[in-house]
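Undergrad: Predicted model follows, preceded by the sequence.
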Amino acid sequence: MRNLLRTATAGAVTVAAVLVGGTAQATPPGPGVSGVIIAQTTIGDTDYTLREITIPAGQATGWHYHDGPLYGLVKQGTLSHFDATCASDGVYPQGSTISEPAGPGNVHIGRNLGTEPVVLDVLYVLPHGSPFSEDAPNPGCDFE
(Lines give C-alpha, C1' and ligand atoms only; values in the text may rest on other atoms or scores of the structure.)
Protein backbone atom coordinates (compact mmCIF):
# COMPACT_ATOMS: atom_id res chain seq x y z
CA MET A 1 0.00 0.00 0.00
CA ARG A 2 2.84 2.43 0.81
CA ASN A 3 4.42 1.93 -2.60
CA LEU A 4 1.05 2.45 -4.24
CA LEU A 5 0.47 5.70 -2.35
CA ARG A 6 3.96 6.93 -3.23
CA THR A 7 3.33 6.18 -6.89
CA ALA A 8 -0.02 7.96 -6.81
CA THR A 9 1.41 10.94 -5.01
CA ALA A 10 4.05 11.15 -7.71
CA GLY A 11 1.19 11.61 -10.14
CA ALA A 12 0.72 8.16 -11.63
CA VAL A 13 -2.67 6.78 -10.71
CA THR A 14 -6.14 6.84 -12.22
CA VAL A 15 -9.24 8.75 -13.08
CA ALA A 16 -12.65 9.69 -12.44
CA ALA A 17 -14.28 8.20 -9.68
CA VAL A 18 -17.67 8.55 -8.67
CA LEU A 19 -18.93 5.36 -7.28
CA VAL A 20 -20.08 4.20 -3.89
CA GLY A 21 -20.45 0.48 -3.34
CA GLY A 22 -20.46 -0.18 -7.07
CA THR A 23 -23.25 2.25 -7.91
CA ALA A 24 -22.48 5.61 -9.44
CA GLN A 25 -23.34 8.51 -7.20
CA ALA A 26 -23.27 11.21 -9.85
CA THR A 27 -26.16 12.65 -11.87
CA PRO A 28 -27.12 10.43 -13.72
CA PRO A 29 -24.77 7.46 -13.98
CA GLY A 30 -24.80 5.23 -17.02
CA PRO A 31 -25.99 1.65 -16.67
CA GLY A 32 -23.24 -0.77 -15.72
CA VAL A 33 -20.80 1.81 -14.34
CA SER A 34 -19.14 0.07 -11.39
CA GLY A 35 -16.34 0.37 -8.88
CA VAL A 36 -14.43 -2.12 -6.73
CA ILE A 37 -12.27 -1.12 -3.76
CA ILE A 38 -8.75 -2.49 -4.10
CA ALA A 39 -7.19 -0.95 -0.98
CA GLN A 40 -8.00 1.69 1.61
CA THR A 41 -6.47 3.29 4.68
CA THR A 42 -6.92 6.36 6.84
CA ILE A 43 -3.96 8.46 7.97
CA GLY A 44 -4.87 11.27 10.32
CA ASP A 45 -7.94 13.00 8.91
CA THR A 46 -7.44 11.73 5.34
CA ASP A 47 -8.92 8.63 3.67
CA TYR A 48 -6.87 7.05 0.87
CA THR A 49 -8.88 4.65 -1.27
CA LEU A 50 -7.76 2.88 -4.43
CA ARG A 51 -10.63 1.72 -6.64
CA GLU A 52 -10.97 0.13 -10.04
CA ILE A 53 -13.72 1.88 -12.01
CA THR A 54 -15.33 0.39 -15.11
CA ILE A 55 -17.36 2.52 -17.52
CA PRO A 56 -19.06 0.46 -20.26
CA ALA A 57 -18.95 1.61 -23.88
CA GLY A 58 -21.31 4.53 -24.46
CA GLN A 59 -21.78 5.29 -20.73
CA ALA A 60 -20.69 8.07 -18.38
CA THR A 61 -20.01 8.77 -14.71
CA GLY A 62 -22.61 11.52 -14.40
CA TRP A 63 -21.89 15.11 -13.34
CA HIS A 64 -20.05 15.37 -10.03
CA TYR A 65 -17.14 16.80 -8.06
CA HIS A 66 -14.93 15.52 -5.24
CA ASP A 67 -14.13 16.81 -1.74
CA GLY A 68 -10.45 15.93 -2.25
CA PRO A 69 -8.11 15.38 -5.20
CA LEU A 70 -8.10 12.22 -7.33
CA TYR A 71 -5.27 10.61 -9.27
CA GLY A 72 -5.97 8.03 -11.94
CA LEU A 73 -4.47 5.70 -14.50
CA VAL A 74 -6.35 4.53 -17.59
CA LYS A 75 -5.83 0.77 -17.75
CA GLN A 76 -8.08 0.14 -20.76
CA GLY A 77 -10.02 2.18 -23.30
CA THR A 78 -10.13 5.94 -23.69
CA LEU A 79 -11.72 8.31 -21.18
CA SER A 80 -13.22 11.56 -22.47
CA HIS A 81 -13.40 14.20 -19.72
CA PHE A 82 -15.62 17.31 -19.81
CA ASP A 83 -15.85 20.33 -17.50
CA ALA A 84 -18.85 22.46 -16.50
CA THR A 85 -18.52 24.62 -19.64
CA CYS A 86 -19.40 21.48 -21.67
CA ALA A 87 -15.92 21.62 -23.23
CA SER A 88 -13.57 18.68 -23.38
CA ASP A 89 -10.78 19.21 -20.88
CA GLY A 90 -8.95 16.03 -21.84
CA VAL A 91 -8.95 12.75 -23.73
CA TYR A 92 -7.05 10.01 -21.91
CA PRO A 93 -6.12 6.82 -23.80
CA GLN A 94 -4.78 3.65 -22.18
CA GLY A 95 -1.65 4.35 -20.16
CA SER A 96 -2.54 8.00 -19.48
CA THR A 97 -2.68 9.53 -16.03
CA ILE A 98 -5.26 12.06 -14.92
CA SER A 99 -5.76 14.18 -11.85
CA GLU A 100 -8.89 15.94 -10.71
CA PRO A 101 -8.81 18.88 -8.28
CA ALA A 102 -11.18 19.11 -5.33
CA GLY A 103 -14.22 21.27 -4.78
CA PRO A 104 -17.58 22.31 -6.21
CA GLY A 105 -15.81 24.64 -8.64
CA ASN A 106 -14.52 21.54 -10.44
CA VAL A 107 -17.72 19.88 -11.67
CA HIS A 108 -17.01 17.35 -14.43
CA ILE A 109 -18.13 14.19 -16.17
CA GLY A 110 -16.15 11.22 -17.51
CA ARG A 111 -17.53 9.65 -20.69
CA ASN A 112 -16.70 6.51 -22.61
CA LEU A 113 -17.25 7.42 -26.25
CA GLY A 114 -15.47 4.28 -27.45
CA THR A 115 -16.51 0.71 -28.20
CA GLU A 116 -14.72 -1.06 -25.34
CA PRO A 117 -15.04 -0.56 -21.57
CA VAL A 118 -12.91 2.10 -19.91
CA VAL A 119 -11.11 0.69 -16.87
CA LEU A 120 -9.46 3.11 -14.45
CA ASP A 121 -7.45 2.73 -11.26
CA VAL A 122 -8.31 5.75 -9.13
CA LEU A 123 -6.75 6.97 -5.90
CA TYR A 124 -9.14 9.12 -3.85
CA VAL A 125 -7.48 11.42 -1.29
CA LEU A 126 -10.47 12.63 0.72
CA PRO A 127 -11.25 14.19 4.07
CA HIS A 128 -12.10 11.36 6.47
CA GLY A 129 -15.67 10.15 5.99
CA SER A 130 -16.29 12.01 2.72
CA PRO A 131 -18.20 10.28 -0.10
CA PHE A 132 -16.30 9.32 -3.25
CA SER A 133 -18.18 12.06 -5.12
CA GLU A 134 -20.78 14.77 -4.69
CA ASP A 135 -23.73 14.93 -7.10
CA ALA A 136 -23.95 17.92 -9.39
CA PRO A 137 -26.69 18.86 -11.84
CA ASN A 138 -25.99 18.92 -15.55
CA PRO A 139 -24.59 22.44 -16.07
CA GLY A 140 -26.57 22.82 -19.31
CA CYS A 141 -24.70 20.49 -21.66
CA ASP A 142 -26.60 18.58 -24.33
CA PHE A 143 -25.15 15.31 -23.05
CA GLU A 144 -25.22 13.45 -19.73
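TA: That came in fine, so what should we check first?

Undergrad: contacts and neighbour counts: CA atoms only from here.
TA: Fine.

Undergrad: so Trp63 makes contact with Ser133?
TA: No: look at Trp63 against Ser133 with C-alpha atoms under 8 Å: they stay out of range, at 9.5 Å.

Undergrad: Tell me the bridge partners for Val122.
TA: Arg51, Gly72 (DSSP bridges).

Undergrad: okay, now it: neighbour count?
TA: By other C-alpha atoms under 10 Å, 30 other residues sit near Val122.

Undergrad: Surely it and Tyr71 touch.
TA: Yes: Val122 lies in contact with Tyr71 (C-alpha under 8 Å); the separation is 5.7 Å.

Undergrad: isn't there a helix covering Pro131?
TA: No: the assignment for Pro131, made by DSSP: H, G, I helix; E, B strand; the rest coil, is coil rather than a helix.

Undergrad: Can you get me a residue count around it?
TA: Neighbour tally, Pro131, other C-alpha under 10 Å: 16.

Undergrad: what about it, distance to Gly77?
TA: As judged by C-alpha to C-alpha, to the nearest Å, Pro131 and Gly77 stand 26 Å apart.

Undergrad: got it, and Ala136?
TA: For Ala136, the distance to Gly77 - C-alpha to C-alpha - is 25 Å.

Undergrad: So for those two, which sits in the more crowded spot?
TA: With neighbours defined as other C-alpha under 10 Å, Ala136 and Gly77 compare such that Gly77 has more, 23 against 19.

Undergrad: from memory that one sits against Leu113, does it?
TA: No: under the criterion of C-alpha under 8 Å, Gly77 makes no contact with Leu113, lying 9.4 Å away.

Undergrad: any weak-confidence spans in this structure?
TA: 1-28 (pLDDT under 70).

Undergrad: Please, which helix or strand holds the closest residue to Thr49 other than its chain neighbours?
TA: Distances taken as C-alpha to C-alpha, 6 or more residues apart in numbering put Gln40 closest to Thr49, at 4.2 Å, once the chain neighbours are dropped. Using DSSP states H and E, the element containing Gln40 is strand 34-43.
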